[in-house]
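J.: Sequence and predicted structure, then a few things I'm wondering about:
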2 protein chains.
Amino acid sequence: MNQLWIENGTFVTMDESRPVVKGHMVIEDGKIAYIGEQPPQPQPQGAERINGEGLVFMPGLINTHGHAAMSLLRGYSDDQSLQLWLEEKMWPMEAKFTDDDVRWGTSLAVAEMLKSGTTTFVDMYDRMDIVAQVVEQSGIKGLLTRGVIGLCPPEVQDSKLAEAKQFVRDWNGKADGRITAMLSPHAPYTCPPDYIARIVEAAHELDVPLHTHMSESAAEVQQNVNDYGCRPVEHLDKLGFFSRPALLAHAVHLTDDEISLLAERGAAISHNPASNLKLASGVARVPDLLKAGVTVSLGTDSAASNNNLDLFDEIRLAALIHKGVSGDPTAVPAWEALKLATSSGARAIWKEDRIGVLKEGMSADFIALDAEQPHFYPQTEIVSHLVYSGSGRDVKHVWIDGRQVVKSGVCLLLDEEKVLAESQRCFERLLNS
Amino acid sequence: MNQLWIENGTFVTMDESRPVVKGHMVIEDGKIAYIGEQPPQPQPQGAERINGEGLVFMPGLINTHGHAAMSLLRGYSDDQSLQLWLEEKMWPMEAKFTDDDVRWGTSLAVAEMLKSGTTTFVDMYDRMDIVAQVVEQSGIKGLLTRGVIGLCPPEVQDSKLAEAKQFVRDWNGKADGRITAMLSPHAPYTCPPDYIARIVEAAHELDVPLHTHMSESAAEVQQNVNDYGCRPVEHLDKLGFFSRPALLAHAVHLTDDEISLLAERGAAISHNPASNLKLASGVARVPDLLKAGVTVSLGTDSAASNNNLDLFDEIRLAALIHKGVSGDPTAVPAWEALKLATSSGARAIWKEDRIGVLKEGMSADFIALDAEQPHFYPQTEIVSHLVYSGSGRDVKHVWIDGRQVVKSGVCLLLDEEKVLAESQRCFERLLNS
């Protein structure tokens, strides 16, 4: 039996019944077997022992929206209007992407995410077989989906959907269950209604959830009204989208009625504050969504519109901007912000029975931060410090299913030096081709 | 002659005429003697040589508003209304502060600032002799000021002002010029008009600049109108405040007329985005201030309302929030955001002839970041990466006046372990006394 015993650590559990535990945690066969103030009884024999002093342990972070391969385009186009950024910069470059680019762009993203404490991520892109291979190798967990754009001839629509379905059949549950899969129309404004309806039907057939971009910009909401006579939430509802478990990225522009309908349908939101600010999309109504009981999680979106994948940045932004914009300093308090990236993140991707909280029986996906730094002193309100002072750079060790994947800041299963060199090579070729 | 030669580095100079230089920099006797693509000619003999490969060099950051000692209160009260936070939490604790608390709270702040790349900071607090001692010892540069609150009997007003003036006489220009000083009425709402006028007079007498909090919250602006019949900018103008070089912290709530008047008077702003968001004060009109030609810089405010002193966080916030709130994705582009913390920061504190830009003749206040990390790849748009992906934790080395004060992430002139332990001890005593 594979055992790990962490002694004398501070554990931010995200378990509402005991948020912070100073004590011990025992991992057995990839799951948390014990967590408590007292040493485990009987003491595990032959367990690897780790001295937890000076470290803060917490659940691995969950990034619920992104496009990992686009890390190759980090900084390639900033401070532009969405239209110009997308049409003149992103799409032409992405059209040149090869398997190689997706492999190294995704590897770059996964290295950044692991090192900054993300243990599970959602990825919507294409060439997803390659993304899955990177997930398999790196030790991270991925909820993966081939995002399909339907603005194309019927036969291309068909082949994209077939590819998306085949990906689910090939990879759902693979890599010892670390890979799961879903289906994704890219967005209501990039997929005709009948195509969305076909994707919903396929999700039923394969029994997988749905993910899409929704109401990111005011313009796309207006276009939805012009084209279909209703706003995106109602539009998706009519197409049966919410008959499946559904995760909606962005959801910036919502009416009260839309929020109520989302709550009723049990849809989850991936709030992407940095990307929404950077592309000037606006500020999502997170306090209202939370009040309505909608599950809200956090996503970085891609490094092309963020431009980093450090989920601690999103946590802090979520805690700060809704106060500033609403004028209510009690909006999204620290504990709530931390939940968005952990326990709520798990709920948003239907894995709350396995990840997002440190308690007995849960998967041993957890991270350790170096707390012996000035920005974590005085060592009193550790939840506050994690939210308002913490950074992915404070993450020292990362375990997933009890297996250590980052040790002293270094990825154990990815060759970081090669990842950096190859991503540089790929970007330069893209730029010059 | 004390010489340092950095070879093969990437230099983000903040010099508009050549923003990024890949090459060499030579430091002589605390100043930049050479920066250029080619190796220096003649080659410096006997200089300490540093291999700059994999490092990004830039000017040390300038934090133009804060209260260092309050780092002791990091996380002590979050997610509260300003009134409750200030009156029930901060002020009662600060009333208990001793010399010891100011020493270790300030040391904690300075350690955090140095390690995260800040080389000059503005500090407004009391017991400023102790703050100056910490500055002297740690190697950082400080523009220090005894902030005076005038809501007290005349004799207390007198003694506070006398203390503030004496501090200027004792410390202005000390520590080889690393310490400069100014005078500060705490805020228009905490100082009667005649007291502000006396402080202005004293600033003329001592030939030093003025600093104050101004228009942080909508409520204080309204109070100013109620009490004095005009908004704070006009109020301060009438009191002669702008007859001195003036630095205004926050300046969140401004009318077009106030922005014009600030531009006309040449007053500088310390924009504190994280603190303004966290206390729900609002979002300053930075794009409009910049358009009007007002000098805008960045401040963290104290760790009690931020809760960290990493200026890279403020840089990123400044680049992100004004886009999101204005709806203009071109607002505060990356280069402009980086200027706020460097060249504009220097101008805001009247030191643009000495710091904030890497060029020949300037003081050798500079930092080196570890660029060999996933979030800085592909290595193309380094200014974008610094702004949107960079963090104080990426800072590896720091030099001030050519003297290295941080090496491989460790403060050379402060005993960090002692600083952490003492600040913990001080906070616990405050909490239990």
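T.: Perfect, thanks for sending it.
J.: So which bits of the lowest-mean-pLDDT helix or strand in chain A are buried?
T.: Counting by mean pLDDT, DSSP states H and E, the weakest-scoring helix or strand in chain A turns out to be helix A:82-84, with a mean of 81. For helix A:82-84, burial by neighbour count (16 or more other CB atoms under 10 Å in any protein chain shown) applies to residue A:82. Every C-beta, even on glycine, is put in place using the N, C-alpha and C of the backbone.
J.: Now do the next helix or strand along the chain from that helix: everything it contacts.
T.: Sequence order places helix A:91-95 as the next helix or strand after helix A:82-84, per DSSP states H and E. For helix A:91-95, contacts defined as CB atoms under 8 Å, 6 or more residues apart in numbering or on different chains pick out A:70, A:73, A:76, A:430.
J.: quick one: the strands in the stretch 101-250 of chain A?
T.: Along the stretch 101-250 of chain A, counting by DSSP state E, counting those that start in this stretch, strands occupy A:118-125, A:141-148, A:179-185, A:210-214, A:246-250.
J.: What residues sit buried inside the second one?
T.: Right, the one you point to is strand A:141-148. Buried residues in strand A:141-148 (16+ other CB under 10 Å): A:141-148.
J.: Could you list the paired strands of it along with their orientation?
T.: Using DSSP bridges, the strands paired with strand A:141-148 are strand A:118-125 (parallel), strand A:179-185 (parallel).
J.: Output these in JSON lines, with mean neighbour count appended to each entry.
T.: Converted to JSON lines, these look like this (neighbours: other CB atoms under 10 Å in any protein chain shown):
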{"stretch": "strand A:118-125", "mean neighbour count": "27"}
{"stretch": "strand A:179-185", "mean neighbour count": "26"}
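J.: for chain B, what are the nearby residues on the stretch 101-250 of chain A?
T.: A:108-109, A:111-112, A:115-116 (CB under 8 Å from any CB of the partner chain).
J.: In helices, which of those fall?
T.: Using DSSP state H, the subset of those located in helices is A:108-109, A:111-112, A:115.
J.: can you tell me if whichever strand or helix holds residue A:8 touches chain B.
T.: Per DSSP H and E: residue A:8 is located in strand A:3-12. No - Strand A:3-12 is not in contact with chain B by CB under 8 Å from any CB; minimum separation 13.1 Å.
J.: neighbouring contacts of that strand?
T.: A:19-28, A:33, A:35, A:39-40, A:43-44, A:46-53, A:55-58, A:338, A:358, A:364, A:368, A:371, A:382-383, A:386, A:399, A:402.
J.: Select only the buried ones of those residues in ChimeraX?
T.: To isolate the buried members of these in ChimeraX, using 16+ other CB under 10 Å:
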select /A:21,23,24,25,26,27,28,33,35,40,44,47,50,52,55,56,57,58,338,358,364,368,371,382,383,386,399,402
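J.: From the contacts of helix A:91-95, which land in strands?
T.: When DSSP state E defines the strands, the subset of the contacts of helix A:91-95 inside them is empty.
J.: Tell me who's in contact with the residue in the stretch 151-300 of chain A that chain B sits nearest to.
T.: For the stretch 151-300 of chain A and chain B, the shortest gap (CB to the nearest CB) falls at residue A:277, measuring 3.3 Å. Contact analysis of residue A:277 by CB under 8 Å, 6+ apart lists A:283, A:317, A:321, B:320-321, B:323-324.
J.: How about residue A:356?
T.: A:14, A:59, A:62, A:342-347, A:362.
J.: at 10 Å instead, please
T.: A:14-15, A:59-62, A:119-120, A:297, A:339, A:341-349, A:362-363, A:365 (CB atoms under 10 Å, 6 or more residues apart in numbering or on different chains).
J.: what sits against the residue nearest to residue A:364 when sequence neighbours are not counted?
T.: Here the nearest residue to residue A:364 in space, its sequence neighbours aside, is residue A:402; by CB to CB, 6 or more residues apart in numbering or on different chains that works out to 3.9 Å. Going by CB under 10 Å, 6+ apart, residue A:402 touches A:2-4, A:27-33, A:363-366.
J.: Now stretch A:398-412 - C-alpha only, CSV.
T.: The C-alpha coordinates for stretch A:398-412 follow below in CSV (Å, rounded to 0.1, in the frame of the first residue of the first chain):
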residue,chain,number,x,y,z
VAL,A,398,1.9,19.4,-5.9
TRP,A,399,0.3,15.9,-5.6
ILE,A,400,-2.4,14.4,-7.8
ASP,A,401,-4.1,11.2,-6.8
GLY,A,402,-1.3,11.0,-4.1
ARG,A,403,1.5,11.1,-6.7
GLN,A,404,3.9,14.0,-6.5
VAL,A,405,4.0,15.9,-9.8
VAL,A,406,5.8,19.0,-8.7
LYS,A,407,8.6,19.0,-6.1
SER,A,408,10.3,22.1,-4.9
GLY,A,409,8.8,24.0,-7.8
VAL,A,410,9.9,21.6,-10.5
CYS,A,411,7.6,19.4,-12.7
LEU,A,412,8.6,15.8,-12.2
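J.: residues of it that come out buried?
T.: Buried residues in stretch A:398-412, counted by 16+ other CB under 10 Å: A:398-406, A:411-412.
J.: Could you list which of those residues belong to strands?
T.: A:398-400, A:403-406, A:411.
J.: out of those, who's nearest residue A:292?
T.: residue A:400 (32.7 Å; CB to CB).
J.: what's the pLDDT at the residue nearest to residue A:364?
T.: With respect to pLDDT, residue A:402 has a value of 97.
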